[in-house]
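[1] curious how this folds, go ahead:
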Amino acid sequence: MQNVSFEHDPFSRNVTKYFLWLQIGALALVFLLIALRLPGLAVALSFLTMVLFLVLLVGLYTRYQGLPLVKEKRTLQQRAQQLQSVVDKEKRQIADTQNNRDKLLQLEKQERDATLLALQTAHIQRGLSTYSIQDASIPGVGPKLKERLSAAGITTALQVSPNAVSQVEGFGEAKRIAVVNWRHVLNAHLESTKPLALTQEQLQSLQTKYKSEHANNDAREKAACDKLEQTERELHPVQQRLHQLAPIKFLGYLGHSLSPKGYAAVLIALVLVVSQAISGVSATTSAIIASIPTATLTPTQTFTPTLTLTATVTLTPTITNTSTVTNTPTITNTPTITSTATRTSTPRPTQTRIPPTLAPPTFDPLQNVTAICNDGSYSYSSHQQGTCSRHGGVKQWIHKPPS
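    Next up is the predicted model:
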């Protein structure tokens, strides 16, 4: 069976087509609002289109989840997970039985070796216990020394040891070595005659002991292998069907909703994402720029010192005009008139000049101000029209300009 694909879905395709045109129109409207210096409305419109875009995605995903192929794929995935968990479990069971078999074999070998060692040790000890010191021929050890050994509890070769012999009176280094060497010779002979393997009866006894445990372990392994084989037979067609349903994905459904052609779907999706991004970035940027406070011109008082020279001239004129006329008439034939005029003049007025004095600089903060605005700022406009238009209007005219 070939791979399956989505069926034609007119509803989702119409919804995405209308939303595409809506997105393009909203982008143009956002730019228009920005040009009209309405960044708040531009941001609101951009946010609204983003919400609609998310709603569209959620709606398409919900519709995608309701498709029969999607439901079938979801059910098969759950079934495959269950079967795969059973396969993993049975594989672990098989591995455990194999490890248990190795442990049983190891325990059986250890017990067989321990049984053989016990037989060999018993063979040597039994043989040493049969050799009596009284009957032995030991160089340098006579009947008197043998009686001393017997009194010390050393009667056979099994009881001979270097420490035990050295504790008996009359046994120096040479005699002690002689007794110990006698024992070593006997021990070596017995070592050469010890059993090298278990008897058939002993082997059968051990095999019978572990046979039941091996049988139980083999039964668990066979059951796990049978169940593993059965589960894998069930899992195989499920995996094949999931392989056929592999193209059934939400992105594929979304692309199929945009356009049946792959390259066209990619182009439409790119237009949707890019237009939304441009709309959001543009609106947000314009809002940030609009939120930056505008600089207000505040008049700065500049003191310009004015030098005023005032000349004071005091004129004190003193003029004294004294005119004395003495007329002494004499009646004679020749009348004589004597006029004596005395004029006393004070010198011309004295002009006193007072040196000029520097007056303190004067400053008028409202010298060039046209009006005071309602927000407290000053306006320096040279025309009445437009004065304080951005500051709440004119509060008070200072130097009212011509209209």
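
[2] so where is the stretch 301-403 of the chain shaky, pLDDT-wise?
    301-366, 403 (pLDDT under 70).

[3] one more time with 50
    Along the stretch 301-403 of the chain, the parts satisfying pLDDT under 50 run over 302-347, 349-352, 354-361, 363.

[4] how is this protein divided into domains?
    10-67+248-290, 81-212, 363-403 (automatic domain parsing).

[5] ranking those domains by burial, who's on top?
    domain 10-67+248-290 (a mean of 16; mean count of other Cβ atoms under 10 Å). Using the backbone N, CA and C atoms, a C-beta is placed for each residue, glycine as well.

[6] chain center to that domain, what's the gap?
    How far domain 10-67+248-290 lies from its chain's middle: 29 Å, per Cα atoms, centre = their mean, to the nearest Å.

[7] centroid-nearest residue for the protein?
    Nearest residue to the geometric centre of the chain (Cα atoms, centre = their mean): residue 277, 24.4 Å.

[8] tell me which element it falls in.
    helix 262-291 (DSSP states H and E).

[9] helices or strands up against that helix?
    If contacts are counted by 3 or more Cβ pairs under 8 Å, 6 or more residues apart in numbering; DSSP states H and E, helix 262-291 sits against helix 10-35, helix 39-65, helix 250-258.

[10] name the next helix or strand downstream of the longest one, please.
    Taking DSSP H and E as the definition, the helix or strand that follows helix 39-65 towards the C-terminus is helix 68-129.

[11] now do that next one: which elements does it pack against?
    helix 173-192, helix 200-244.

[12] which of the ones you listed sits closest to residue 102?
    Among the helices and strands packed on helix 68-129, the nearest to residue 102 by Cβ to Cβ is helix 200-244 (10.2 Å).

[13] re earlier: ok, which of the helices and strands packed on helix 68-129 comes nearest residue 87?
    helix 200-244 (5.2 Å).

[14] what packs against that closest one?
    helix 68-129.

[15] what does the average pLDDT come to for the helix it packs on?
    Mean per-residue pLDDT for helix 68-129: 92.

[16] quick check: angle from it to helix 250-258?
    Helix 68-129 and helix 250-258 are oriented at 170 degrees to each other (axes from the mean of the first three to the mean of the last three Cα atoms, to 10 degrees).

[17] so helix 68-129 versus helix 39-65, what angle?
    70 degrees.

[18] now helix 68-129 against helix 200-244, angle please.
    Using the same axes, to 10 degrees: helix 68-129 against helix 200-244 is 170 degrees.

[19] what sits up against the helix or strand that comes right after helix 68-129?
    Once the chain leaves helix 68-129, the next helix or strand it forms, by DSSP H and E, is helix 143-151. Outside helix 143-151, the residues within contact range by Cβ atoms under 8 Å, 6 or more residues apart in numbering are 133-134, 141, 155, 165, 168-171, 175, 179.

[20] mind redoing it with 10 Å?
    132-136, 138, 141, 154-155, 159-160, 164-165, 168-171, 175, 178-179 (Cβ atoms under 10 Å, 6 or more residues apart in numbering).

[21] could you do stretch 30-40 as well?
    By Cβ under 10 Å, 6+ apart, stretch 30-40 touches 41-46, 49, 275, 278-280, 282-291.

[22] circling back: quick one: pLDDT of the residue nearest to the centre of the chain?
    Looking at residue 277, the pLDDT reads 85.
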